[in-house]
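> Got a sequence here, can you build the structure:
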Amino acid sequence: MTAVHPLPGPALLFCPGDRPDRYGKAAAAADAVILDLEDAVAPLDKPAARQALVAAAPDPARTLVRINQVGGEHWRADLDAVARTAIRLVVVAKASSAQDLSAVLDAVPDARVLALCETARGVLAAPELAAHPAVAGLMWGAEDLVASLGGTSSRRPDGGYRDVARAARSQVLLAAGAYGKIAVDAVHLDIADLDGLAAEAEDAAASGFSATACIHPTQVAAIRAAYRPSAERVEWARAVLAAAEGAPGVFRFRGQMIDEPVLAQARGLLG
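Predicted coordinates:
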């Protein structure tokens, strides 16, 4: 099932909701911006962040808003602010059930949701969340997930994800794909580690993620490059699809066996 992509590109940059002076810079740097009303904003500053969001009126085609956890203190006010803008892509922090998403629709009936699976409950509920008709996609988060398990770090000393984080990443991707929704990979917190980010983004693109979130403008280029197929891969995709027109069923192309799954990959690469 092919995911319908609701985003203009693969690099999603988080921006603190209480820093309207950064809204424009973030939009200029990335493909889309996630204005964060949750973790990036201190509790006392959340009312000001909502006011800034409404006053700024960001481009709805390139802006998402991350609201606070449904059922907590701030989510209703967050959605009231979203409803006063043209933005309709809402990132639901710590989503854990279809009821969470239905509550969002009660406040903003035409909202599209990016459900953020960042707790143990959220990851286990990924298929339920992906099946919800308002969901455009799933995203996962490593640090909150490990914290919800009582752990202390999502990564090993060498920088790679621990097994539980890798399992969660895979489950979210599989759930999104099963229901034709996009999947967004987690942020890479080590801003200076562009090589590590590039490797993770390349793996994400090859595995089927549609986008990767980031926390700093310097990370955008690495993400875009990772999702952009090389000229050689584009040439191969065009050539193998052309060859398939005269070769029904399984056939051989440049030493490789070609069947429908390989052709689907070629079509996805060109898309």
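
> Quick check: phi and psi at residue 257.
Per-residue torsions, residue 257: phi -70, psi 130 (degrees, to the nearest 10).

> Show me the beta-bridge partners of it.
residue 252 (DSSP bridges).

> okay but it is in contact with residue 247, surely?
No: contact criterion Cβ atoms under 8 Å: residue 257 and residue 247 do not qualify, at 11.6 Å. In this view, the C-beta of every residue, glycine as well, is placed from N, C-alpha and C.

> So for the two, which sits in the more crowded spot?
residue 247 (13 against 9; other Cβ atoms under 10 Å).

> Show me where this protein has its strands.
11-16, 32-36, 63-67, 89-92, 112-117, 135-140, 182-185, 211-214, 251-253, 256-258 (DSSP state E).

> With distance to residue 241 and mean pLDDT added, can I get those strands in CSV?
Shown next, in CSV, are these (distance: least, Cβ to Cβ, whole Å; pLDDT from 0 to 100):
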stretch, distance to residue 241, mean pLDDT
strand 11-16, 27, 98
strand 32-36, 29, 98
strand 63-67, 33, 98
strand 89-92, 32, 98
strand 112-117, 31, 98
strand 135-140, 27, 98
strand 182-185, 23, 98
strand 211-214, 25, 98
strand 251-253, 10, 89
strand 256-258, 10, 89
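
> Point out the one among these that comes closest to residue 167.
strand 135-140 (10.6 Å; Cβ to Cβ).

> any idea how the chain splits into domains?
Using the TED database, the domain ranges for the chain come out as 11-228, 232-270.

> Could you identify which of those is most buried?
Most buried of the domains of the chain by mean neighbour count (mean count of other Cβ atoms under 10 Å) is domain 11-228; its value is a mean of 19.
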